[in-house]
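>>> generate coordinates for the sequence data below:
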Amino acid sequence: MVDKNLIRSLGVTDEEVSSELAVALGNQDATAGLDQILQDSSSQFQVGSVLTGRIVTVTGNDVFVEVGLKSEGVVDLQEFSDPSEAAPGTEIEVYLEAVESTSGLVVLSKRRADRIRAWEDIIATKAEGDVVTGTVSRKIKGGLLVDIGVPVFLPASQVDVRRPPDVGEYVGRQIEAKILKIDKDTRNIVVSRRKLIEEQRKAAKEKVLVEVEPGQIRKGVVKNIADFGVFVDLGGIDGLLHITDMSWGRIGHPSEMVRIDETLEVVILNVDREKEKIALGLKQRTPSPWENIEDRYPVNSRVRGTAVNIVPYGVFVKLEEGIEGLVHISEMSWTKRINHPSEVVSVGDEVDVVVLEIDKKKQEISLGMKQTEVNPWTLVKEKYPPGTVVSGKIRNLTNYGAFVEIEEGIDGLLHVSDLSWTRKVAHPSEMLKKGQELRCVVLEVDEEKTRVALGLRQLTEDPWLRQIPQHYIAGQIVRGKVTKVTNFGVFVELEEGLEGLLHISELADHKVDNPEDVVKVGEEIEVKILRVDSEERKIGLSLKRAQWAAEDGVPGETPVEPVRRRGGLDADSGLLGLGDERFIPATRPEEPQAEEEAPPQRTAKKVDQKTADEIALEALGEGGPADEKSGAPEENDSSESPEPTEEERDT
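Okay, here's the model as predicted:
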């Protein structure tokens, strides 16, 4: 806007003013030239533009810069990376943030101007895939900010080949990275340090795999620590230093010996070029303590060590640095029942042990604690010879028997087969119970296996030797109870613990397909003893023969006095038919077998009255009068009945 009154007050005409402007503008149109100057000046000093200015003065933290506006601009001294650069007279580039602040000054920023120039420089000189160098400025969500002139984003997954536990450790470090992506619209750049390292390592890996050989000693840098070992960078490829190859002694965790970025000298143990794996060793740089181990710890020698580790199956004892032996739980006590080794020792205890065995190849030593004491089992055989009657308490019942504690720490096994001579015991609980006190007989002592065999039935004589054969005689008729029916016959309980077999062919005169058609379980029946086999421990019975004997009486004759029989359920005593005998009605004795010879033909013989009376009384006293049927004599049911004389037969 032109102030016409001001021009007139100066006494200058419009023509003179236009002429002077034309000269100043190079004979251009005065009005157009002035408008262009004003437009250029306006665009140059727009907010957001980068200006070149000169430092006028520095007052405190304020740097005053002349940029050609009506007043000077102010820049914070902290925006200078080097405060010495803020010297009066120095030209700098600044970013125009505001033409006039509340204090009337121009607001400028050197940092923003530097970033704009750096961004323009990067766009002009760098592309995706190029390598840049910068300083990690701070940690943000998901990664790091790296200053390469402008802030760029480094994702946490791209910091290293193996993601570090805390990427914040990289703050302040100068790193090299590769540009992954440039977004010009949002002015964002994403870089990757991992990709650059992988490319560098790939080339170095090929070189190392060609050069490396087992037995070499190489330097490496610890890159990662795991529970099972350490990964060491050999310069392009990582090798695994397993925890077992770090020390000859015991270590709980690899971090006890090494730390991240520590440089180590390691021994190459194995190289797998196909799988690109290298096994490393650290302890192999020192001599193995297992050399000449047999000389220092001969078998059966007694040594002292420290309990260093307790496991459910035993305790590890440290004999010296790098040498540990195992005391198995079974080698801790001769007699004490140990559920866990911690009941005997604790970590750090000093213990005396005996060397039992050394396996130098596997680097293992077997130790024993109980061997430092006298083995009580050496005295058991002398104290409890076979045949000794002992008393004890039942400690435990199993399917195969009962364990009886005969003294502190000494158990004997009472096998189920040694519980009864005659009873079939399926489980010891049928006769015994836990905690019960009982007497047993020592059958055998095995010192080597530390076992004592006990017997309960051996307290009494085997009834099959004398009692059963004497009281259950072939030809007797006894009463029993059906306990079991099978497809081949019936088992009959003659008394508690004693059974006989009634074969299916001896059930009836006719053919029997199903024994249950004839007898039922629990039914009491009278059977005839066919045989008693002491060796096989079997008694053969017959139902049909007992029925024959009951049915075969002589018609018209007076019934005979009942005959005394032994055994069966009629016996008052339950011990294999011993005790009082009961009467069973007289029955027909067993018929003669087919193979037996026919008895001699009876002939009549005249005797006097006295002799006849004696013969009759003698016959009635035990076996009853002799009967005849179908011309065949009957056998006496009792083995004790006397054989009739010729005169008695005639009578």
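>>> ok, the closest residue in space to residue 77 that isn't next to it in sequence - how many residues close by?
Closest residue in space to residue 77, ignoring its immediate chain neighbours: residue 61 at 4.4 Å, by C-beta to C-beta, 6 or more residues apart in numbering. The C-beta positions use only the backbone N, C-alpha and C, and glycine is treated the same way. For residue 61, the neighbour count with other C-beta atoms under 10 Å is 13.
>>> what's the answer for residue 353, then?
As a burial measure, residue 353 scores 26 neighbours (other C-beta under 10 Å).
>>> name whatever forms a beta bridge with the residue lying closest to it once chain neighbours are set aside.
Distances taken as C-beta to C-beta, 6+ apart put residue 367 closest to residue 353, at 4.1 Å, once the chain neighbours are dropped. Counting by DSSP bridges, residue 367 is bridged to residue 327, residue 355.
>>> mind checking what secondary structure residue 195 has?
Using DSSP: H, G, I helix; E, B strand; the rest coil, the structure places residue 195 in helix.
>>> OK, contacts around residue 421?
Residue 421 makes contacts with 457, 460, 462-464, 497, as judged by C-beta atoms under 8 Å, 6 or more residues apart in numbering.
>>> state the distance from the nearest residue to it once chain neighbours are set aside to residue 440.
Distance criterion C-beta to C-beta, 6+ apart; nearest residue to residue 421, sequence neighbours excluded, is residue 457 at 4.8 Å. Residue 457 sits 10 Å away from residue 440, going by C-beta to C-beta, to the nearest Å.
>>> of these two, who's got more company?
Comparing residue 457 with residue 440 by other C-beta under 10 Å, the one with more neighbours is residue 440, at 24 against 19.
>>> mind listing the strands for the stretch 1-150 of the chain?
Taking DSSP state E, counting those that start in this stretch, the strands of the stretch 1-150 of the chain run over residues 50-59, 62-66, 73-76, 91-98, 106-109, 131-140, 143-147.
>>> most packed of those?
Neighbour counts (mean count of other C-beta atoms under 10 Å) averaged over each of the strands of the stretch 1-150 of the chain peak at strand 106-109, with a mean of 22.
>>> so for residue 184, which of the strands of the stretch 1-150 of the chain sits nearest?
strand 131-140 (16.2 Å; C-beta to C-beta).
>>> ok, residues contacting the closest one?
With contacts defined as C-beta under 8 Å, 6+ apart, strand 131-140 is touched by 122, 126, 144-149, 151-154, 167-168, 170-179, 191, 196.
>>> in this structure the residue nearest to residue 77 contacts residue 78, no?
Yes - Residue 61 is within contact range of residue 78, at 6.8 Å (criterion: C-beta atoms under 8 Å).
>>> so what are the domain limits for this structure?
Annotated domains of the chain cover 4-114, 126-196, 212-285, 293-372, 377-459, 467-584, 609-650 [automatic domain parsing].
>>> about what we covered before: among the contacts of strand 131-140, which are in helices?
Members of the contacts of strand 131-140 lying in helices (criterion: DSSP state H): 122, 196.
>>> of the contacts of strand 131-140, buried ones?
Among the contacts of strand 131-140, those classed as buried by 16 or more other C-beta atoms under 10 Å are 122, 126, 144-146, 148-149, 151-154, 167, 170, 175, 177-179, 191, 196.
>>> my guess is the residue nearest to residue 353 contacts residue 317. True?
Yes - counting by C-beta under 8 Å, residue 317 is a contact partner of residue 367 at 5.8 Å.
>>> list residues touching both of those two?
Counting by C-beta under 8 Å, 6+ apart, the common neighbours of residue 367 and residue 317 are 305, 325-327, 353.
>>> most neighbours, which of those?
Neighbour-wise, those (other C-beta under 10 Å) top out at residue 327, 28 neighbours.
>>> okay, now the unreliable bits of the protein?
1-45, 101-104, 552-651 (pLDDT under 70).
>>> just the helices in it please.
Under the criterion DSSP H, the chain contains helices at 4-9, 14-24, 30-44, 110-125, 193-211, 293-296, 377-383, 467-471, 543-551, 609-621, 646-650.
>>> contacts for the fourth one?
Okay, so that is helix 110-125. Contacts to helix 110-125, defined as C-beta under 8 Å, 6+ apart, come from residues 50, 75, 79-80, 92-95, 97, 132, 148-150, 182, 184, 187, 189.
>>> cutoff 7 Å now
Contacts to helix 110-125, defined as C-beta atoms under 7 Å, 6 or more residues apart in numbering, come from residues 50, 75, 79-80, 92-95, 149-150, 184, 187.
>>> for that helix, the distance to its chain's centre please.
Centre-to-centre, helix 110-125 and its host chain are 63 Å apart (C-alpha atoms, centre = their mean, to the nearest Å).
>>> also the longest one?
Computed by C-alpha atoms, centre = their mean, the separation of helix 193-211 from the middle of its chain amounts to 41 Å.
>>> I'd like the contacts of residue 421 laid out as a markdown table, including distance to residue 479.
Below are the contacts of residue 421 laid out as a markdown table (distance: C-beta to C-beta, whole Å):
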| residue | distance to residue 479 |
| --- | --- |
| 457 | 26 |
| 460 | 25 |
| 462 | 25 |
| 463 | 19 |
| 464 | 21 |
| 497 | 16 |
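>>> quick check on residue 497: phi, psi?
phi 90, psi 0 (degrees, to the nearest 10).
>>> re earlier: wait, which of the strands of the stretch 1-150 of the chain is closest to residue 201?
Closest among those, using C-beta to C-beta: strand 131-140, at 14.8 Å.
>>> hmm, back to that, verify the stated contact: the residue nearest to residue 421 with residue 417.
No - contact criterion C-beta atoms under 7 Å: residue 457 and residue 417 do not qualify, at 8.9 Å.
>>> contacting residues for the residue lying closest to residue 346 once chain neighbours are set aside?
Spatial nearest neighbour of residue 346, chain neighbours left out: residue 307 (6.8 Å); criterion: C-beta to C-beta, 6+ apart. Contacts for residue 307 (C-beta under 7 Å, 6+ apart) come out as 315, 317, 345-349, 351.
>>> from residue 347, how far out is residue 307?
From residue 307 to residue 347 the distance is 6 Å (C-beta to C-beta).
>>> ok so, going back, count the residues that sit near the residue nearest to residue 353.
Counted with other C-beta under 10 Å, residue 367 comes out at 26.
>>> is it true that it touches residue 325?
Yes - when contacts are counted by C-beta under 7 Å, residue 367 is listed as touching residue 325 (4.1 Å).
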